[in-house]
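Chemist: Task: produce atomic coordinates for the following.
(2 chains)
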Amino acid sequence: ETGVTQSPTHLIKTRGQQVTLRCSSQSGHNTVSWYQQALGQGPQFIFQYYREEENGRGNFPPRFSGLQFPNYSSELNVNALELDDSALYLCASSRTGDGYTFGSGTRLTVV
Amino acid sequence: QQQVKQSPQSLIVQKGGISIINCAYENTAFDYFPWYQQFPGKGPALLIAIRPDVSEKKEGRFTISFNKSAKQFSLHIMDSQPGDSATYFCAGSPGTGSYQLTFGKGTKLSVIP
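Modeler: Residues are numbered from 1 along each chain as shown, chains lettered A, B, ... in the order given. The predicted structure follows:
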């Protein structure tokens, strides 16, 4: 059973640029969620996808967007990057009734 | 609005001692309370979870105590080991699988030999 894999592991972008982060869900999981974890803080919910539809969103602006594909993999896109977007971005997958499995994250640095 | 308050922020425990981390929640819709363990450079890993219909759950050296009326829950790590040194997060959710998790700010545990 494979876990949740995220790519890339590290990324450096310039303020104003756009970034795409990728996630492969654990086999059998139909729900994927994205979280932002700032240094020294707990993860904060960005949004969640179920069957390719967004079905929940946290307090993040529209420049944070996502996709879920038929194979349950997912992307997180962030436009117009700001310095405060620097964080660890975590993908988590689950199936109905079970808990979440997190990936190791993508460390994004905006300079 | 911080919906899950976690304390202490950091904790130092001697090997073999008991580590205790406390959390309080505000959202009465929460129905699932997991604890996650996170090592540097890794994502959070589910440690143990509880639902409010039980007051205690034990798995090995890890125990969750839950007080529904006080809206508080805690993690006890018995016989703490240096390998337990990590950051621990409590969380709350309206359910499992398809619901967002609201995390506390974390507790950095250091177990010294």
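Chemist: With adjacent residues omitted, what lies nearest to B:Gln14?
Modeler: Setting aside the residues directly before and after it, B:Gln14 is nearest to B:Ile112 in space (C-beta to C-beta, 6 or more residues apart in numbering or on different chains), at 6.1 Å. Using the backbone N, CA and C atoms, a C-beta is placed for each residue, glycine as well.
Chemist: wait, what's in contact with the one you found?
Modeler: B:Ile112 sits next to B:12-15, B:82 when contact means C-beta atoms under 8 Å, 6 or more residues apart in numbering or on different chains.
Chemist: near chain B, which residues of chain A show up?
Modeler: Contacts of chain A with chain B, taken as C-beta under 8 Å from any C-beta of the partner chain, map to A:4, A:31, A:33, A:35, A:40-45, A:48, A:50, A:55-56, A:58, A:90, A:92, A:94-105.
Chemist: Give me the buried entries from those residues.
Modeler: Buried subset of these (neighbour count, 16 or more other C-beta atoms under 10 Å in any protein chain shown): A:4, A:31, A:33, A:35, A:42-45, A:48, A:50, A:58, A:90, A:92, A:94-95, A:98-105.
Chemist: Out of these, which sit inside helices?
Modeler: In helices, judged by DSSP state H, none of those are found.
Chemist: Just the ones of those in strands?
Modeler: If you go by DSSP state E, those have A:31, A:33, A:35, A:44-45, A:48, A:50, A:90, A:92, A:94, A:101-102 in strands.
Chemist: Need the worst-confidence member of these.
Modeler: In terms of pLDDT, A:Ser94 ranks lowest among these, with 86.
Chemist: re the thing from before, from A:Glu53, how far off is the residue nearest to B:Gln14?
Modeler: Per C-beta to C-beta, to the nearest Å, B:Ile112 is found 49 Å from A:Glu53.
Chemist: same thing with B:Phe89?
Modeler: Counting by C-beta to C-beta - B:Phe89 and A:Glu53 are separated by 28 Å.
Chemist: Looking at these two, which one has more neighbours?
Modeler: Neighbour count, other C-beta atoms under 10 Å in any protein chain shown: between B:Phe89 and A:Glu53, B:Phe89 has more, with 27 against 8.
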